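In: Dropping the sequence and predicted coords here.
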Amino acid sequence: MHELSVTQSILEIALRHARQAGASRVSSLHLVVGQLASIVDDSVQFYWDIVAQGTPAQGASLHFRRIPAEFECRDCSTHFPLDGETFACPACGSLKLKITAGEEFYLESIEVDI
Amino acid sequence: MSTLKRVQVVENILSANDRLAAQNRTLLDAAGVFSLNFMASPGAGKTSLIEATVRALAGHLRLAVIDGDIATSLDADRAAAAGAVALQINTGGDCHLDAVMLGQALPQLDLAKVDLLIVENVGNLVCPASFQLGTHKSVLIASIPEGDDKPYKYPGMYRGVDALVINKIDLLPYVPFRMDYFRQGVEILNPGLTTFPLSCRTGEGLDAWLDWISSLPVQPSH
């Protein structure tokens, strides 16, 4: 797994935006993680406590908003979640699908002390 | 008095890697090198496909191979024996190559003497999909013994590639593998994906793969 390098990136982005806002401390981070992003929340949390130590983000809480993977049927426009072992539209059985959600992986916002 | 304030960020976590990948691409383009990123599970046949490709094209193109592995230089040795300039990157435990590792490896090659670069990623169907390297095309090598459910189990990997090789088709008579079921999953995740069923061992299907490589904008400059 590669959550250590990912967690370092999260810290770097949060500290840069905190600096730009003239903040002295980061108190929380809000992350958006799609189901297809292959990121384990618990591992990020574990590394976070280590990498944030001694920085203005030490002790900041992490909040994960999970986005389930979602398909849209190209034939009947039905939206449905990714589950089970085959992919087919539950409404019309079509196999012409596109993924409309689940690939997100970004830092949405931070809360800072000014 | 300190006040709490919410700051909107909306920044992709892997944006730093993506920026470095763009630098790698610029470097490769400036040197006139076309590059491929080979991804697969361990044992699917990445190195075998590299050997077959290098042997077939070594007379026409100057090939270089950068091999990513957790340890050993076994794969780079095989690529070199087949006739490529080969460089090994040992990730020391990391499960994927990233743009930083490729960026550190590229200056170790004489890019002016390379037409086609193949980067062999670490064997893994999860992590390499998330990290752009800056290569021009990504190729996924699946193989019959892995099973026909892999597109369903590793959608992120199947989503992001430009070509799919299905290796070890010589084993189809011996292994339960529903090609229709496999291809259905691929089609949903990556409609119209260019696919090459082949066997590196028997050579069946290799011609179509080599034709595809020849159709890429690779510029032989010697």
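Out: It's in.

In: CA atoms for contacts and neighbours, from now on please.
Out: Will do.

In: Pick out the residue closest to the middle of chain B.
Out: B:F38 (1.4 Å; C-alpha atoms, centre = their mean).

In: neighbours around residue 111, how many?
Out: Defaulting to chain A. By other C-alpha atoms under 10 Å in any protein chain shown, the residues close to A:E111 number 21.

In: Actually, chain B is the one I wanted.
Out: Applying other C-alpha under 10 Å, we find 18 residues neighbouring B:L111.

In: quick one, phi/psi of the nearest residue to it once chain neighbours are set aside?
Out: Spatial nearest neighbour of B:L111, excluding adjacent residues (C-alpha to C-alpha, 6 or more residues apart in numbering or on different chains): B:A31 at 6.0 Å. Backbone geometry at B:A31, expressed as degrees, to the nearest 10, gives phi -90, psi 0.

In: Find me the pLDDT at B:A31, would you?
Out: In this model, B:A31 is scored at 96, pLDDT.

In: tell me the SS of the residue nearest to the centre of chain B?
Out: What DSSP: H, G, I helix; E, B strand; the rest coil gives for B:F38 is strand.

In: ok, it to B:E204 distance?
Out: 20 Å (C-alpha to C-alpha, to the nearest Å).

In: now do B:L106
Out: 33 Å.

In: ok, now which ones touch the most far-flung residue of chain A relative to its centre?
Out: Relative to the C-alpha centroid of chain A, counting by C-alpha atoms, centre = their mean, A:C92 is the outermost residue, at 31.4 Å. A:C92 makes contacts with A:C76, as judged by C-alpha atoms under 8 Å, 6 or more residues apart in numbering or on different chains.

In: ok, B:F34 - contacts?
Out: Going by C-alpha under 8 Å, 6+ apart, B:F34 touches B:L28, B:D115, B:L116, B:L117, B:T135, B:H136, B:P217, B:V218, B:Q219.

In: quick check, nearest of those residues to chain A?
Out: Comparing the contacts of B:F34 against chain A with C-alpha to the nearest C-alpha places B:T135 closest, at 20.4 Å.

In: closest to B:L49 among the contacts of B:F34?
Out: Using C-alpha to C-alpha, B:L117 comes nearest to B:L49 of the contacts of B:F34, at 13.7 Å.

In: Any chance of the backbone angles for the closest one?
Out: The phi/psi pair for B:L117 (degrees, to the nearest 10) reads phi -110, psi 130.

In: tell me which element the most centrally placed residue in chain A falls in.
Out: Taking C-alpha atoms, centre = their mean, the centroid of chain A lies closest to A:V33, which sits 2.0 Å from it. Take DSSP states H and E as the rule and A:V33 turns out to sit in strand A:25-34.

In: Now the element after that strand, going C-ward?
Out: Assigned by DSSP H and E, the successor of strand A:25-34 is helix A:41-51.

In: Run through who's touching that following helix.
Out: A:E3, A:L4, A:V6, A:T7, A:Q8, A:L11, A:Q58, A:G59, A:L62, A:F64.

In: Only C-alpha atoms, please: export it in CSV.
Out: Output of helix A:41-51 as CSV, limited to C-alpha atoms (Å, rounded to 0.1, in the frame of the first residue of the first chain):
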residue,chain,number,x,y,z
ASP,A,41,-9.0,5.5,5.6
ASP,A,42,-7.5,3.7,8.6
SER,A,43,-4.0,3.6,7.0
VAL,A,44,-4.2,7.3,6.2
GLN,A,45,-5.3,8.0,9.7
PHE,A,46,-2.4,5.9,11.1
TYR,A,47,0.2,7.7,9.0
TRP,A,48,-1.4,11.1,9.6
ASP,A,49,-0.6,11.0,13.3
ILE,A,50,3.0,10.4,12.4
VAL,A,51,3.6,12.8,9.5
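
In: how far out from the middle of the chain is stretch B:192-207?
Out: 15 Å (C-alpha atoms, centre = their mean, to the nearest Å).

In: close to chain A, is it?
Out: No. Against chain A, stretch B:192-207 shows no contacts by C-alpha under 8 Å from any C-alpha of the partner chain, the least distance being 11.2 Å.

In: before we move on, back to that, so which of the contacts of B:F34 is the most crowded?
Out: Busiest of the contacts of B:F34 [other C-alpha under 10 Å] is B:L116, holding 27 neighbours.

In: gap between A:K96 and B:L189?
Out: Using C-alpha to C-alpha, A:K96 is found at 10 Å from B:L189.

In: Fine by me, thanks again.
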